[in-house]
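> prediction below, plus the sequence it came from.
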Amino acid sequence: MSKPSEARQNSSKPYAVEPAEFLHDLFVIGLAAADPLRVVPPHLPAPPKGRTIVIGAGKAAAAMAKAVEDHWPNEAMSGLVVTRYDYGQPTRKIEVLEAAHPVPDEAGEQACQLIFKQLEGLTKDDLVLALMSGGGSALLSAPAPCLGSTEKRALNKALLKSGATIHEMNCVRKHLSAVKGGQLALAATPAQLITLVISDVPGDDPRTVASGPTLPDPTTQVQALAIIDRYQIPVSETVRAWLNDPAHETPKPENPAFTEHQVKVIARAADALAAAADFATKSGVTPLILGDDIEGEAQIVGQEHTAKAIRMAAMAPCILLSGGETTVTVKGSGKGGRNAEYLLAAMIAAAGNPRIYGLACDTDGIDGSEDNAGAVFTPAMWAQAQAQGLDPQAYLDNNDAYSFFAALGGLVVTGPTCTNVNDFRAILVL
């Protein structure tokens, strides 16, 4: 995705480009506010007496590692991070491995084993710098002994289709893992441990990002079982027995491994929305941030946001901005992630209103498992869909928003962004 021109970024006059281009530019500016190369350096600690071991997992992990290398003043550094396929960055001392997301593969399991090896033989004079971002739950994969790799992948697929929130999914993942929920921190003892987090979760609780491998886990086995039952996730009796055994509970805050642990959330959805809002204001468009932690069924949220935009017509030009992570309860056989689904529902609610435009994208560049970050709609697309014989509601009912927007040229394709602060949504009223 191209960058907005310097003239447009510095303009204090009403925005002069096409509305769809304005929405694209806002998204680009939001991404820049969460760029690891920008947000990591101010939070780097002083070098320790001993070695520095850098570990990490997530879609931003490689870019975070590169930022550390570019700004680290001490040569006594090594380490390994794992990121999504195609999200790697050139590094010199920190090895970057790539693995599958959102469903784990063998490469992720091998990377996890190698990260544990990085933590062997440490002393209290050493520093472990953990770089965590969204996507780490799948990329840093080490199934608990009760769970084979095949069942682990099936469980992840079932969770992703269930409609469970990210907090619920991560609760289950933590209790069926040998690395999540603080277990990696135990392996780093007695070294000093510092975790830098780029948050992709509503509420920005660092214990939830990447399922908190270096942070204490406030959730319990009882909660994990309740989630499995609530969403009717099929698991074996071996898994149930594991979750019913208190000996397998994850480490809690009182564990000595966390006594001097430092944790910093260095980028979040609020930062992206604030940057976009500032640019909108300078462009003569009144921004309203609805929230950076919005959850709920994507279709319902999309309808609600368009309805609110229509009610705000008297304030035009204005823009409704929001972040967070909606969910999709998959009932159809189509393609498309939560952002395309949100946007199609929003477009249907607008019904061709000539004053309403919209964009919804995932800041990691991938909406679900397709090749797009999200989509954009304009009033003209409503008439275009009718002319092409496309039924928007039928596509929505089939969870096939990707195909709908592909037919109209409305997909937003960025490629890897190497960051992840969750969803970026904008409804523009002119």
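In hand now; what should we look at?
> any idea of the pLDDT on E370?
What the model reports as pLDDT for E370 is 89.
> ditto for K157
86.
> just the one 10 residues further on next, same as before
H167 is assigned 85 on the pLDDT scale.
> nearest residue to it other than its sequence neighbours?
Nearest residue to H167 in three dimensions, chain neighbours excluded: T208, at 5.8 Å (CB to CB, 6 or more residues apart in numbering). C-beta coordinates here come from the backbone N, C-alpha and C atoms, glycine included.
> so what's the residue count around that neighbour?
For T208, the count of nearby residues is 27 (other CB atoms under 10 Å).
> for this protein, which residues score under the pLDDT cut-off?
1-16 (pLDDT under 70).
> so what are the domain limits for it?
15-34+269-429, 36-142+177-216+251-267 (automatic domain parsing).
> ok, P42 - contacts?
Going by CB atoms under 8 Å, 6 or more residues apart in numbering, P42 touches I266.
> just the strands in the protein please.
52-57, 77-84, 94-99, 127-133, 192-198, 262-267, 286-294, 318-324, 356-362, 374-377, 411-412, 423-429 (DSSP state E).
> between those strands, which gets nearest to S177?
strand 52-57 (12.1 Å; CB to CB).
> any idea how far P256 is from T327?
Here P256 is placed at a distance of 37 Å from T327 (CB to CB, to the nearest Å).
> could you do D278 as well?
Taken as CB to CB, the span from D278 to T327 is 29 Å.
> neighbour count winner among these two?
Neighbours were counted for D278 and for T327 using other CB under 10 Å; T327 has more, 20 against 13.
> which non-adjacent residue is nearest that one?
G163 (5.1 Å).
> one more: L44?
Using CB to CB, 6+ apart, the closest residue to L44 is H71 (5.9 Å).
> same question, V68
V54 (5.9 Å).
> give me the neighbour count for the one you found.
Counted with other CB under 10 Å, V54 comes out at 25.
> just to revisit the earlier point, roughly how far apart are the residue nearest to L44 and T189?
Taken as CB to CB, the span from H71 to T189 is 27 Å.
> between the two, which one's more packed in?
Per other CB under 10 Å, whichever of H71 and T189 has more neighbours is T189, with 16 against 12.
> for that one, grab phi and psi.
phi -60, psi 140 (degrees, to the nearest 10).
> tell me the contacts of it?
L122, P256, A257.
> closest to L184 among these?
A257 (9.7 Å).
> so what's the residue count around the closest one?
19.
> kindly report the same for A275.
Around A275 there are 18 residues (other CB under 10 Å).
> cool, A313 as well?
There are 13 residues near A313, going by other CB under 10 Å.
> all numbers from here: first residue = 10
Yep, numbering from 10; the last one is A322 now.
> what about it, distance to A285?
21 Å.
> okay if I get the domains of the chain as TSV plus distance to R162?
Output for these, formatted as TSV (distance: least, CB to CB, whole Å):
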stretch	distance to R162
domain 24-43+278-438	14
domain 45-151+186-225+260-276	5
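> which one of these lies nearest to A163?
Here domain 45-151+186-225+260-276 is closest among the domains of the chain (CB to CB), at 9.1 Å.
> that closest one: end-to-end distance?
8 Å (CA to CA, to the nearest Å).
> what of stretch 65-76?
13 Å.
> how about I357, nearest residue that isn't a chain neighbour?
In space, I357 is closest to P401, 5.0 Å off (CB to CB, 6+ apart).
> quick check: the nearest residue to N179 once chain neighbours are set aside vs D114, distance?
Nearest residue to N179 in three dimensions, chain neighbours excluded: S220, at 4.6 Å (CB to CB, 6+ apart). Distance, S220 to D114, using CB to CB: 17 Å.
> neighbour count: the two, which is higher?
S220 (30 against 16).
> pull the contacting residues for the more buried one.
S220 neighbours (CB under 8 Å, 6+ apart): G145, S146, L149, N179, R182, K183, S186, K189, G190.
> quick one: the helices in the stretch 260-409 of the chain, in order.
Ranges of helices within the stretch 260-409 of the chain are 278-291, 307-320, 347-359, 388-396, 401-406, based on DSSP state H, counting those that start in this stretch.
> just these: most buried one?
For the helices of the stretch 260-409 of the chain, the largest average neighbour count (mean count of other CB atoms under 10 Å) is found in helix 347-359, namely a mean of 28.
> compute the inter-axis angle for it and strand 327-333.
150 degrees (axes from the mean of the first three to the mean of the last three CA atoms, to 10 degrees).
> okay, angle between helix 347-359 and strand 432-438 too, please.
Using the same axes, to 10 degrees: helix 347-359 against strand 432-438 is 20 degrees.
> helix 347-359 - contacts with which helices or strands?
helix 307-320, strand 365-371, strand 383-386, helix 388-396, helix 401-406, helix 410-417, strand 432-438 (3 or more CB pairs under 8 Å, 6 or more residues apart in numbering; DSSP states H and E).
> swap the cut-off to 7 Å and go again
helix 307-320, strand 365-371, strand 383-386, helix 401-406, helix 410-417, strand 432-438 (3 or more CB pairs under 7 Å, 6 or more residues apart in numbering; DSSP states H and E).
> quick one: contacts of that helix?
Residues outside helix 347-359 that contact it (CB atoms under 7 Å, 6 or more residues apart in numbering): 307-308, 310-312, 314-316, 335-337, 365, 367, 369-371, 376-377, 383-384, 386, 401-402, 404-405, 408, 410-411, 413-414, 432, 434, 436.
> hmm, try it at 6 Å
Applying CB atoms under 6 Å, 6 or more residues apart in numbering, the external contacts of helix 347-359 come out as 307-308, 310-312, 314-315, 335, 337, 365, 367, 369-371, 376, 383-384, 386, 401, 405, 410-411, 413-414, 432.
> count of neighbours near E30?
If you count neighbours by other CB under 10 Å, E30 ends up with 15.
> make that L123, sorry
Neighbour tally, L123, other CB under 10 Å: 14.
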